[in-house]
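Student: The sequence isn't on hand, but the structure is:
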(Lines give C-alpha, C1' and ligand atoms only; values in the text may rest on other atoms or scores of the structure.)
Protein backbone atom coordinates (compact mmCIF):
# COMPACT_ATOMS: atom_id res chain seq x y z
CA UNK A 1 0.00 0.00 0.00
CA UNK A 2 1.40 3.38 -1.02
CA UNK A 3 2.10 5.69 1.89
CA UNK A 4 -0.23 8.64 2.41
CA UNK A 5 2.58 11.22 2.22
CA UNK A 6 4.20 9.68 -0.85
CA UNK A 7 0.93 9.53 -2.81
CA UNK A 8 0.08 13.15 -2.12
CA UNK A 9 3.51 14.35 -3.17
CA UNK A 10 3.30 12.57 -6.55
CA UNK A 11 -0.31 13.09 -7.63
CA UNK A 12 -2.83 15.89 -7.64
CA UNK A 13 -4.70 16.08 -4.36
CA UNK A 14 -8.48 15.88 -4.36
CA UNK A 15 -10.57 16.94 -1.38
CA UNK A 16 -13.85 15.10 -0.83
CA UNK A 17 -16.72 15.81 1.55
CA UNK A 18 -18.95 13.03 2.85
CA UNK A 19 -22.31 13.24 4.61
CA UNK A 20 -22.81 10.38 7.07
CA UNK A 21 -25.52 8.85 9.20
CA UNK A 22 -24.83 6.55 12.14
CA UNK A 23 -26.32 4.86 15.17
CA UNK A 24 -24.25 6.12 18.08
CA UNK A 25 -25.32 3.30 20.39
CA UNK A 26 -23.06 0.93 18.43
CA UNK A 27 -19.89 3.01 18.77
CA UNK A 28 -17.73 4.59 21.44
CA UNK A 29 -18.21 8.04 19.98
CA UNK A 30 -16.73 9.59 16.85
CA UNK A 31 -13.06 9.95 17.72
CA UNK A 32 -10.51 7.21 17.21
CA UNK A 33 -9.30 5.76 20.54
CA UNK A 34 -5.92 4.35 21.40
CA UNK A 35 -7.36 1.22 23.01
CA UNK A 36 -8.93 0.12 19.73
CA UNK A 37 -12.57 0.44 20.79
CA UNK A 38 -14.94 0.73 17.81
CA UNK A 39 -15.56 4.36 16.89
CA UNK A 40 -17.14 5.93 13.82
CA UNK A 41 -13.87 7.52 12.75
CA UNK A 42 -12.01 4.22 13.00
CA UNK A 43 -14.43 2.21 10.84
CA UNK A 44 -14.90 5.04 8.33
CA UNK A 45 -11.19 5.62 7.77
CA UNK A 46 -10.65 1.88 7.43
CA UNK A 47 -13.36 1.63 4.75
CA UNK A 48 -12.09 4.71 2.90
CA UNK A 49 -8.55 3.35 2.92
CA UNK A 50 -9.79 0.09 1.39
CA UNK A 51 -11.34 1.96 -1.53
CA UNK A 52 -8.43 4.38 -1.94
CA UNK A 53 -5.65 1.82 -1.61
CA UNK A 54 -3.87 4.28 0.68
CA UNK A 55 -4.27 5.51 4.24
CA UNK A 56 -7.08 8.06 4.54
CA UNK A 57 -7.55 10.43 7.44
CA UNK A 58 -10.75 12.39 8.03
CA UNK A 59 -11.67 15.74 9.58
CA UNK A 60 -15.16 15.92 11.10
CA UNK A 61 -17.54 18.86 11.51
CA UNK A 62 -18.14 18.03 15.16
CA UNK A 63 -17.21 15.08 17.36
CA UNK A 64 -20.07 13.14 18.92
CA UNK A 65 -19.94 11.19 22.18
CA UNK A 66 -20.73 7.56 22.88
CA UNK A 67 -24.43 6.92 22.29
CA UNK A 68 -25.02 10.10 20.26
CA UNK A 69 -26.45 9.59 16.77
CA UNK A 70 -26.12 11.54 13.51
CA UNK A 71 -28.38 11.87 10.49
CA UNK A 72 -26.15 14.37 8.66
CA UNK A 73 -22.59 14.43 9.95
CA UNK A 74 -20.00 15.94 7.58
CA UNK A 75 -16.35 15.02 7.11
CA UNK A 76 -13.67 15.81 4.59
CA UNK A 77 -10.57 13.95 3.47
CA UNK A 78 -7.75 14.33 0.96
CA UNK A 79 -6.66 11.67 -1.50
CA UNK A 80 -4.28 11.37 -4.42
CA UNK A 81 -6.25 8.62 -6.15
CA UNK A 82 -9.08 9.15 -8.63
CA UNK A 83 -12.33 7.39 -7.84
CA UNK A 84 -15.88 8.09 -9.06
CA UNK A 85 -18.40 9.54 -6.64
CA UNK A 86 -20.20 6.21 -6.17
CA UNK A 87 -16.97 4.56 -5.04
CA UNK A 88 -16.99 6.85 -2.02
CA UNK A 89 -20.65 6.00 -1.34
CA UNK A 90 -21.59 2.46 -2.34
CA UNK A 91 -18.01 1.22 -2.34
CA UNK A 92 -17.24 2.58 1.13
CA UNK A 93 -20.59 1.40 2.49
CA UNK A 94 -19.72 -2.14 1.42
CA UNK A 95 -16.80 -2.06 3.88
CA UNK A 96 -18.64 -0.31 6.72
CA UNK A 97 -20.25 -2.25 9.59
CA UNK A 98 -23.92 -2.04 10.47
CA UNK A 99 -24.96 1.23 12.04
CA UNK A 100 -23.07 3.67 9.82
CA UNK A 101 -23.43 4.70 6.17
CA UNK A 102 -22.22 7.33 3.73
CA UNK A 103 -25.22 9.20 2.32
CA UNK A 104 -23.49 11.58 -0.09
CA UNK A 105 -20.01 12.17 -1.48
CA UNK A 106 -18.89 15.25 -3.38
CA UNK A 107 -15.59 16.66 -4.53
CA UNK A 108 -15.06 20.07 -2.96
CA UNK A 109 -12.72 23.02 -3.20
CA UNK A 110 -9.25 22.27 -1.82
CA UNK A 111 -9.67 24.93 0.87
CA UNK A 112 -12.96 23.52 2.22
CA UNK A 113 -12.72 22.48 5.87
CA UNK A 114 -15.49 20.40 7.46
CA UNK A 115 -14.94 21.91 10.90
CA UNK A 116 -13.68 25.44 10.43
CA UNK A 117 -16.03 26.40 7.58
CA UNK A 118 -19.13 25.28 9.50
CA UNK A 119 -21.06 28.29 10.79
CA UNK A 120 -24.00 26.37 12.24
CA UNK A 121 -24.87 23.00 13.71
CA UNK A 122 -28.29 21.49 14.36
CA UNK A 123 -29.29 18.99 17.01
CA UNK A 124 -32.53 17.25 17.86
CA UNK A 125 -33.23 15.50 21.15
CA UNK A 126 -36.12 13.00 21.31
CA UNK A 127 -37.61 12.46 24.76
CA UNK A 128 -40.15 9.91 25.91
CA UNK A 129 -42.13 10.63 29.08
CA UNK A 130 -43.89 7.53 30.39
CA UNK A 131 -44.16 5.48 33.61
CA UNK A 132 -42.20 2.63 31.99
CA UNK A 133 -39.46 3.04 29.41
CA UNK A 134 -40.24 1.51 26.02
CA UNK A 135 -37.79 -1.34 25.30
CA UNK A 136 -38.32 -0.83 21.58
CA UNK A 137 -37.20 2.81 21.73
CA UNK A 138 -34.26 2.22 24.08
CA UNK A 139 -31.09 3.68 22.65
CA UNK A 140 -33.12 5.79 20.21
CA UNK A 141 -34.81 8.26 22.58
CA UNK A 142 -34.17 9.68 26.01
CA UNK A 143 -36.59 8.79 28.78
CA UNK A 144 -38.04 10.16 31.99
CA UNK A 145 -40.83 8.83 34.19
CA UNK A 146 -41.76 12.38 35.17
CA UNK A 147 -44.81 14.12 33.69
CA UNK A 148 -43.78 17.15 31.69
CA UNK A 149 -45.28 20.52 30.79
CA UNK A 150 -44.11 21.34 27.22
CA UNK A 151 -45.28 24.98 27.46
CA UNK A 152 -43.05 25.72 30.43
CA UNK A 153 -40.18 23.92 28.76
CA UNK A 154 -40.60 26.07 25.65
CA UNK A 155 -40.69 29.25 27.75
CA UNK A 156 -37.38 28.23 29.27
CA UNK A 157 -35.88 27.14 25.94
CA UNK A 158 -36.53 30.57 24.41
CA UNK A 159 -34.27 32.08 27.07
CA UNK A 160 -31.36 30.24 25.48
CA UNK A 161 -31.65 32.02 22.15
CA UNK A 162 -29.00 34.58 21.33
CA UNK A 163 -25.41 34.91 22.50
CA UNK A 164 -24.73 33.64 26.02
CA UNK A 165 -22.04 32.30 28.27
CA UNK A 166 -23.18 28.65 28.45
CA UNK A 167 -20.88 27.62 31.31
CA UNK A 168 -23.88 26.25 33.25
CA UNK A 169 -24.29 23.68 30.47
CA UNK A 170 -20.62 22.91 29.91
CA UNK A 171 -18.93 19.63 30.84
CA UNK A 172 -15.94 19.87 33.15
CA UNK A 173 -13.72 18.23 30.51
CA UNK A 174 -14.81 20.64 27.74
CA UNK A 175 -11.82 21.91 25.77
CA UNK A 176 -13.53 24.82 24.00
CA UNK A 177 -11.59 28.06 24.23
CA UNK A 178 -14.70 30.06 25.14
CA UNK A 179 -18.06 29.16 26.73
CA UNK A 180 -19.74 31.96 24.76
CA UNK A 181 -21.86 30.58 21.93
CA UNK A 182 -24.87 31.74 19.92
CA UNK A 183 -28.10 29.78 19.66
CA UNK A 184 -30.11 30.86 16.61
CA UNK A 185 -33.17 28.95 17.75
CA UNK A 186 -34.38 26.68 20.54
CA UNK A 187 -37.73 24.94 20.16
CA UNK A 188 -39.79 22.35 22.05
CA UNK A 189 -42.46 20.53 20.04
CA UNK A 190 -44.49 17.34 20.20
CA UNK A 191 -46.67 16.04 23.02
CA UNK A 192 -46.13 15.64 26.79
CA UNK A 193 -45.48 11.93 26.12
CA UNK A 194 -43.05 12.41 23.23
CA UNK A 195 -41.13 15.67 22.99
CA UNK A 196 -38.62 17.07 20.53
CA UNK A 197 -35.99 19.67 21.42
CA UNK A 198 -34.42 21.35 18.38
CA UNK A 199 -31.34 23.51 18.83
CA UNK A 200 -29.57 25.46 16.07
CA UNK A 201 -26.40 27.29 16.98
CA UNK A 202 -23.03 28.39 15.69
CA UNK A 203 -21.24 25.85 17.90
CA UNK A 204 -21.83 23.71 20.97
CA UNK A 205 -19.85 22.94 24.10
CA UNK A 206 -19.12 19.42 25.32
CA UNK A 207 -22.37 17.90 26.68
CA UNK A 208 -24.13 21.24 26.13
CA UNK A 209 -27.28 19.79 24.53
CA UNK A 210 -27.57 16.99 27.08
CA UNK A 211 -27.12 19.45 29.95
CA UNK A 212 -29.77 21.76 28.48
CA UNK A 213 -32.12 18.79 28.11
CA UNK A 214 -31.55 17.81 31.74
CA UNK A 215 -32.39 21.31 32.93
CA UNK A 216 -35.48 21.52 30.73
CA UNK A 217 -36.76 18.24 32.16
CA UNK A 218 -36.47 19.84 35.59
CA UNK A 219 -38.52 22.78 34.33
CA UNK A 220 -41.12 20.56 32.69
CA UNK A 221 -41.54 18.46 35.82
CA UNK A 222 -41.85 21.48 38.12
CA UNK A 223 -38.54 20.91 39.91
CA UNK A 224 -37.19 24.15 38.43
CA UNK A 225 -39.14 27.29 37.56
CA UNK A 226 -38.71 29.23 34.33
CA UNK A 227 -37.21 32.09 36.32
CA UNK A 228 -34.95 29.57 38.04
CA UNK A 229 -33.80 28.42 34.60
CA UNK A 230 -32.95 32.03 33.77
CA UNK A 231 -30.96 32.22 37.01
CA UNK A 232 -29.17 29.03 36.04
CA UNK A 233 -28.03 30.60 32.77
CA UNK A 234 -26.80 33.67 34.61
CA UNK A 235 -25.00 31.60 37.26
CA UNK A 236 -22.57 30.37 34.61
CA UNK A 237 -21.69 27.37 36.76
CA UNK A 238 -22.41 23.63 36.71
CA UNK A 239 -22.45 23.51 40.52
CA UNK A 240 -26.19 24.21 40.82
CA UNK A 241 -27.25 22.73 37.50
CA UNK A 242 -29.26 19.51 37.05
CA UNK A 243 -27.37 16.34 36.02
CA UNK A 244 -26.30 15.63 32.46
CA UNK A 245 -29.08 13.81 30.61
CA UNK A 246 -28.58 10.48 28.81
CA UNK A 247 -27.15 10.51 25.25
CA UNK A 248 -29.73 8.09 23.79
CA UNK A 249 -32.10 10.64 22.23
CA UNK A 250 -29.51 13.04 20.83
CA UNK A 251 -29.07 13.41 17.05
CA UNK A 252 -26.77 15.68 15.04
CA UNK A 253 -29.16 16.58 12.21
CA UNK A 254 -27.22 19.03 10.08
CA UNK A 255 -24.22 21.30 9.58
CA UNK A 256 -24.39 24.71 7.88
CA UNK A 257 -21.78 25.80 5.32
CA UNK A 258 -21.45 28.83 3.02
CA UNK A 259 -23.29 28.25 -0.31
CA UNK A 260 -20.03 28.59 -2.24
CA UNK A 261 -19.03 25.06 -1.21
CA UNK A 262 -22.29 23.46 -2.36
CA UNK A 263 -22.39 21.00 0.53
CA UNK A 264 -25.48 18.81 0.33
CA UNK A 265 -27.85 19.40 3.26
CA UNK A 266 -30.23 16.43 3.51
CA UNK A 267 -33.77 16.84 4.74
CA UNK A 268 -34.70 15.63 8.20
CA UNK A 269 -35.64 11.92 8.02
CA UNK A 270 -39.40 11.34 8.22
CA UNK A 271 -38.98 8.88 11.08
CA UNK A 272 -37.21 11.51 13.19
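Tutor: Okay, I see it. The shown structure was predicted, so the numbers you read here are calculated from the model rather than taken from an experiment.

Student: ranges for the strands of the chain?
Tutor: With DSSP state E, the ranges of strands along the chain come out as 14-22, 58-60, 69-79, 100-108, 120-129, 142-144, 162-165, 180-191, 194-201, 250-256.

Student: so residue 152 sits right up against residue 226, yeah?
Tutor: Yes - using C-beta atoms under 8 Å, residue 152 is in contact with residue 226, at 5.9 Å. Just so you know, the C-beta spots here come from the backbone N, C-alpha and C atoms, and that holds for glycine as well.

Student: what's the overlap in contacts for the two?
Tutor: Both residue 152 and residue 226 are in contact with residue 219, where contact means C-beta atoms under 8 Å, 6 or more residues apart in numbering.

Student: one step back: can you list the strands of the chain in a markdown table and add mean pLDDT, distance to residue 234 and mean neighbour count?
Tutor: Shown next, in a markdown table, are the strands of the chain (pLDDT from 0 to 100; distance: least, C-beta to C-beta, whole Å; neighbours: other C-beta atoms under 10 Å):
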| stretch | mean pLDDT | distance to residue 234 | mean neighbour count |
| --- | --- | --- | --- |
| strand 14-22 | 97 | 36 | 21 |
| strand 58-60 | 97 | 33 | 19 |
| strand 69-79 | 97 | 32 | 23 |
| strand 100-108 | 97 | 40 | 18 |
| strand 120-129 | 97 | 23 | 21 |
| strand 142-144 | 96 | 25 | 20 |
| strand 162-165 | 96 | 9 | 14 |
| strand 180-191 | 96 | 14 | 16 |
| strand 194-201 | 97 | 19 | 21 |
| strand 250-256 | 97 | 25 | 24 |
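
Student: Out of the ones you listed, which is closest to residue 269?
Tutor: strand 69-79 (5.6 Å; C-beta to C-beta).

Student: burial count for the residue lying closest to residue 149 once chain neighbours are set aside?
Tutor: With C-beta to C-beta, 6 or more residues apart in numbering as the criterion, residue 149 has its nearest non-adjacent residue at 5.1 Å, and that residue is residue 220. Neighbour count for residue 220, taken as other C-beta atoms under 10 Å: 25.

Student: just checking, residue 220 touches residue 150?
Tutor: Yes - with contact defined as C-beta under 8 Å, residue 220 counts as touching residue 150 (6.8 Å).

Student: any weak-confidence spans in the stretch 1-150 of the chain?
Tutor: Low-confidence segments of the stretch 1-150 of the chain (pLDDT under 70): 1-11.

Student: who touches both of residue 220 and residue 150?
Tutor: Contact criterion C-beta under 8 Å, 6+ apart; residues bridging residue 220 and residue 150 by contacting each: residue 195.

Student: Can you pull the phi/psi pair for residue 81?
Tutor: The phi/psi pair for residue 81 (degrees, to the nearest 10) reads phi -100, psi 150.

Student: Compute the number of surrounding residues for the closest residue to it other than its chain neighbours.
Tutor: Of all residues not flanking residue 81 in the chain, residue 52 sits nearest, at 5.1 Å (C-beta to C-beta, 6+ apart). A count of nearby residues for residue 52, using other C-beta under 10 Å, gives 24.
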